[in-house]
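Undergrad: take a look and give me a structure for this.
(2 chains)
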Amino acid sequence: MAGITGLESVGDPASRDRFLTRALVAGGTLLAGGALVAGLPKLAASAQSPEQDAEIFNFALLLEHLQAAFYGEAADTAELDGELLEFAKVVAEHEREHVDYLQEALGSSAVEAPKTFFGAATTDPDAFAAAAITLEDLAVAAYNGQAANLTKGALRAAATIVSVDARHAAWIRAIVGRPAASQPVDQPLSRAQVLAKLDESGFLREA
Amino acid sequence: MTFRDIPDLALEDLDRDGAIREAADRLPRSSRGGFLKVVAGGIAGAVALGRPPGARAALARGDVAILNYALTLEYLQDAFYTEAERKGALAGAAARLTRVVGAVERAHVRALRDVLGSKAVARPFFDFRGVTESPPSFVRTAVAFEDLGTAAYKGQAHLIESPQVLAAAVGIHSVEARHAAWIRYIAGTLPAAEAFDQGRSRPETLSLVRSTRFVVARPRTTAAKKPAFTG
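TA: Residues are numbered from 1 along each chain as shown, chains lettered A, B, ... in the order given. Down below sits the predicted model:
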């Protein structure tokens, strides 16, 4: 499957509200699905605490919600088939389990599922593969970027999830015939960087 | 591709597979079990040696041990892919993976040796006994190595003291997971079989590596006679 389209071709440009960057990254608070997520954590490794764990897990939960919605929609559509459909179904189940795990860990402070818009990314094979690569790489970079900020117990839990997302990222690349891992080290991203990329994707919509 | 409904590949399965056992039976008994001694001796020696103050950022004793443990696993992977590429028995997707992953594992070795400096454990000797020349054996072994590498890094993350070492380790950890998924795809088994990947402890990992008998005490010669002195 040659010619993976870039994300810029995905979805309706008019729908790409820049609400995340404008309202949240710049403003320092994140409104997602009506729930208030606390301000951005310090980028440098700061003193770990259960409170900070919860903040980071809610950040992770937002990403897992987004992935679960993406693959759930893709698995339900009649447009994908073969390997891509199998991938979507297996990964949708994994992402739902990640959401369940984080929700359980967070209890009443868990952020709600955001409103999403995927456009052609859940129906067009090339757009689906490109979006899946973006979302999985973003999740890996987000978890890796928070590793030093988590308490040891939370780190152990997060480590069981991040490698599964990395496996998904390699799997979808293998399906579309791209080298699945050519960098020696996965580069981490800060929360602000991740949110900026989410904003670029246009997949999140204002509640 | 429809993924075969087969259980997870693991080093234990490889050892039951026959090919490795047959080869291992030909291995002199004295070279078995040498691996742990090599690792343990290397780590103890490295920690005792130390470095001149200020030569490099001081690493906690525990972090040195973890990095040397990681280095040992990376030596194993480096040797495996480098030998497979040199033998040239692989074709297509497996050959492509070998080139890419081999380069990455060699980079991991260089990076870890650089961080450890004089505390780096010495490269062990390996004998893959034909596995790198047989495509099916190669693929099965690579799956086991990459799943094990992922689990081994995961098992150490919470034990690392230095935030810098942790950042590097988690960045390598997810790359090993990518390798595992890629080779699993080539093997026709589910690249991500479970929603959560479990870690493995150091003793568990080293015991599995030892069970392969790929690590040997010294280079093995199959020649019946000693090499003639030609100088």
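
Undergrad: what are the buried residues along the strand or helix carrying B:Ser211?
TA: B:Ser211 is part of helix B:202-212 when elements are defined by DSSP states H and E. Using 16 or more other CB atoms under 10 Å in any protein chain shown as the test for burial, helix B:202-212 gives B:Thr205, B:Leu206, B:Leu208, B:Val209, B:Arg210, B:Ser211, B:Thr212. Backbone N, C-alpha and C define where each C-beta goes, glycine included.

Undergrad: next: stretch A:166-184.
TA: Judged by neighbour count (16+ other CB under 10 Å), stretch A:166-184 contains these buried residues: A:166-176, A:179-181, A:184.

Undergrad: among those, which are in helices?
TA: A:Ala166, A:Arg167, A:His168, A:Ala169, A:Ala170, A:Trp171, A:Ile172, A:Arg173, A:Ala174, A:Ile175 (DSSP state H).

Undergrad: of the residues you listed, which is the nearest to B:Ala120?
TA: A:Ala166 (26.5 Å; CB to CB).

Undergrad: quick one: pLDDT of that closest one?
TA: Looking at A:Ala166, its pLDDT stands at 98.

Undergrad: hang on, it packs against A:Ala142?
TA: No: in this structure A:Ala166 lies outside contact range of A:Ala142 using CB atoms under 8 Å: 11.9 Å.

Undergrad: from B:Ala84, how far off is A:Glu51?
TA: 49 Å (CB to CB, to the nearest Å).

Undergrad: near chain B too, which of the ones in helices among the buried residues of stretch A:166-184?
TA: A:Ala166, A:Arg167, A:His168, A:Ala169, A:Ala170, A:Trp171, A:Arg173, A:Ala174, A:Ile175 (CB under 8 Å from any CB of the partner chain).

Undergrad: got those residues as JSON lines, with distance to B:Ala152 columns?
TA: Below are those laid out as JSON lines (distance: CB to CB, whole Å):
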{"residue": "A:Ala166", "distance to B:Ala152": "15"}
{"residue": "A:Arg167", "distance to B:Ala152": "16"}
{"residue": "A:His168", "distance to B:Ala152": "21"}
{"residue": "A:Ala169", "distance to B:Ala152": "20"}
{"residue": "A:Ala170", "distance to B:Ala152": "18"}
{"residue": "A:Trp171", "distance to B:Ala152": "21"}
{"residue": "A:Arg173", "distance to B:Ala152": "23"}
{"residue": "A:Ala174", "distance to B:Ala152": "23"}
{"residue": "A:Ile175", "distance to B:Ala152": "27"}
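
Undergrad: out of the buried residues of helix B:202-212, who's nearest chain A?
TA: For these, the minimum distance to chain A (CB to the nearest CB) is 14.9 Å, reached by B:Thr205.

Undergrad: list the buried residues in the top helix by length along chain B.
TA: The longest helix of chain B (DSSP H) is helix B:61-87. Neighbour-count burial for helix B:61-87, counted by 16+ other CB under 10 Å, picks out B:63-85.

Undergrad: now do stretch A:103-122
TA: By neighbour count on 16+ other CB under 10 Å, the buried set for stretch A:103-122 is A:103, A:105-106, A:109-111, A:113-114, A:116-122.
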